[in-house]
Structure formats: structure tokens, C-alpha cells
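*Asks:* 3D, please:
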Amino acid sequence: MILKNIIFHQVIKEANGNPELNLSQDVITIDDDVKDFATKLIKSFNSKYPTQGTFEENADLYPFQRYIGEYLEEEDFVTFSHQSMQILENKISIHNATGGYVVFLHYIFREQDFLITIMLDKSDQFTVHDDSLGIEKLKTLDLDKIARGSRLNIIKWINGESLYLSFIKGTRTLSNYFISFIGATDISSSKENIKKLYNSVNNYLLSTPYTRNKKEKIKERITGYFTDCYQNERLVELNSISAIISADSPNLFLEYLEENEDDISDNIKIVKSDDFSVFKSSKVKGDGFELHYDRKLLKSNKLIAQNGKIIISGVSEDIINQINNGS
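*Replies:* Numbers count the residues shown, from 1 in each chain. This is a model prediction of the structure:
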């Protein structure tokens, strides 16, 4: 991880009160302590398994995105952060919200540029003096309890890719004012999240010594979990998926997602059964053919692939006639 710029500001505001900005005039000098802070902050953000979205189209009404573009051209991080804080002051002033510390962080990870904007609160911590062995209470930033936060994948945004924004729900509900401050919309659908989850599960299983049969059983259990959540109108939870993949070490898959910065929502609401069809079927391509099949066919031996052949049994005469007639 390469840390490019980091700066802190403060919003001073009590519930039902007016906000006041306490703005830093300089970026923080990057040393080992700052790098350690940034690493832990990013790790904390990743551990929340964000929800994804995009910017609003109207950059005049939602200028945060425009200020980012100007920063990338002019490389003036202080001005960008000050302009952004003015937006936040306006958005937070009309809500029953309290203030906090706001950190803007620009870093590079795996040749991808990221911009994190996070609100932090202070919490009580205790220290012991080595000389007197007395206890002193300190107010410190609590990195484990991020209030609100977003992350922009700058490269994806510039290249016009989808879902380049990520959001977390921390110690407070992800308020509309924070989404409006960033200018975000189009929070990713359940189908998109599940497709990303499917790819992450596949990549993770490839890294394990599991047999093909065990991998198929894991996907079958995940599909059953999706079905149960859909039928009972419950949210799909990533920690439950992780436990299905490895009951003995239920956090391994979560750690994999965090390490690889796979942005998948922590909780996914399934809108329709088709949203998780990717877990129920597979697709293979060969010379002159493409086969899209339900994995239940493998379990029932209606689909057998071996010795250079793919055999499908139990096919209706109507389908056979369609093939023979070139339909």
C-alpha cells in the first residue's frame, strides 16, 4: 500500500445544534505512525463489507465528484478536502446529527487508486503510567467503530466501470445526509452482489485443497441458504456464508474477502429467486458449443462428463427433435 495524501478535519456539532468546521490547513506528514494508522483504518473499512453504488449524474448538484476530478488534475488535496467539508457542513446542518472527525485518505493498492472519506468518533481508552502505575483516561479515535464512510475506486470511476463507490454502515445508520454529501446513487442490486459473491467463492475454493465433490456440496448448501432467506424474507449475511464454506474456521472466507478487498455488501436482500441463479447453474464453452446447465444434473447423474464425452440423459423427444432439425 502506498499512502499518497491524508488530512483530518472536524465537524463540531451537538444534536439539534448548528455545525462548525475546524479545518486543517495542511496534509499530514507521512511517517511510520501515519502509515500504521492508515493501514488499520483501511483494514477496518474492509472488515465492514461495504455496499456499492455510483455517483449521481448531476455533478452541479452533487459537486463532491467534481472536486475529486479537480484534485486529480491540480493535485491540491487541501483545497479538495476544504471544498468537500463545505458540502458536508451544508448537508449535516439540516439533520439531527452530531459531529465527528473526518479523514480524507488517498492511497494506492495493487496499482489501483482509492479515495476514502470516513467519519470517526472518539471513545474512552485507559493507559497506565509506567512511573506511578496510575491510570489515566484518554479520548482516542476508535478505528473499530467507524461512524460513516465511503471509498472511491478512482481507476474504475475514470474508466467508466460500474459500482466504483463503496459504503459502510458503522456505529450509526448510514444517514441520507452522508450519501447526499458524497452524491451517491444506484446502490448495487442483490443480483450484482451475489454475482460478485459467486466469483469470490469460486476464487476462494480454488485456493483450497477441497475436492470437486466438496466444492459442489458447499455451493449446494449456499443455494439452500439463499432459498431459505428468500422464502422467509431474511437478509443474506456474509458471516453465514463464511460458516457454510468452513464450519471449523468460520472466519477464513471473511478474512479472504478483507485481504483481497472484495467489495460485497455485508447484508444482501434477495428480491427474486433469479437473483441467486448463478449459484444453481454453470456454463462451459467448447469448440462449437456452449453448455449452460443446472448443477443438480451432476448430482442426479443426468449429466456425465468423462473420457472426452459429455452425456446428457433424460432429455425429452421434443428437445432431441429440435437438435436434429437444427433449431
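
*Asks:* and the host helix or strand of Val284, average pLDDT?
*Replies:* For Val284, the element it lies in under DSSP states H and E is strand 281-286. What strand 281-286 shows for mean pLDDT is 72.

*Asks:* so which other helices or strands are in contact with the next helix-or-strand element following that strand?
*Replies:* Remark: after strand 281-286, the chain's next helix or strand is strand 289-294, criterion DSSP H and E. Judged by 3 or more Cβ pairs under 8 Å, 6 or more residues apart in numbering; DSSP states H and E, the packing partners of strand 289-294 are strand 281-286. Glycine gets a C-beta too; all of them are placed from N, C-alpha and C.

*Asks:* show me what contacts Tyr164?
*Replies:* Shown in contact with Tyr164 (Cβ atoms under 8 Å, 6 or more residues apart in numbering): 54, 152-154, 156-157.

*Asks:* repeat that for 6 Å
*Replies:* 153, 156-157 (Cβ atoms under 6 Å, 6 or more residues apart in numbering).

*Asks:* nearest to Lys122 among the residues you listed?
*Replies:* Using Cβ to Cβ, Asn153 comes nearest to Lys122 of these, at 29.2 Å.

*Asks:* beta partners of that closest one?
*Replies:* Phe114 (DSSP bridges).

*Asks:* quick check: pLDDT value at it.
*Replies:* At Asn153, pLDDT is 94.

*Asks:* mind listing what's buried along the host helix or strand of Ile244?
*Replies:* Using DSSP H and E, Ile244 sits within helix 238-245. Neighbour-count burial for helix 238-245, with 16 or more other Cβ atoms under 10 Å as criterion, is recorded at 238, 241-245.

*Asks:* and whatever helix or strand comes next after it, what does it pack onto?
*Replies:* Note on helix 238-245: by DSSP H and E, the next helix or strand toward the C-terminus is helix 252-260. In terms of contacts (3 or more Cβ pairs under 6 Å, 6 or more residues apart in numbering; DSSP states H and E), helix 252-260 is packed against helix 238-245.

*Asks:* can I assume Leu143 sits in a strand?
*Replies:* No. Read with DSSP: H, G, I helix; E, B strand; the rest coil, Leu143 is coil and lies in no strand.

*Asks:* now do it, the pLDDT please.
*Replies:* Leu143 is assigned a pLDDT of 79 by the prediction.

*Asks:* I'd like the numbering to begin with 16 instead of 1 from here.
*Replies:* Yep, numbering from 16; the last one is Leu158 now.

*Asks:* for it, which non-adjacent residue is closest in space?
*Replies:* Counting by Cβ to Cβ, 6 or more residues apart in numbering, Leu158 lies nearest to Ser59, which is 4.8 Å off, once chain neighbours are set aside.

*Asks:* also Asn266?
*Replies:* Using Cβ to Cβ, 6+ apart, the closest residue to Asn266 is Ser257 (6.4 Å).

*Asks:* next one: Tyr82
*Replies:* The nearest residue in space to Tyr82 (Cβ to Cβ, 6+ apart) is Gln98, at 4.6 Å.
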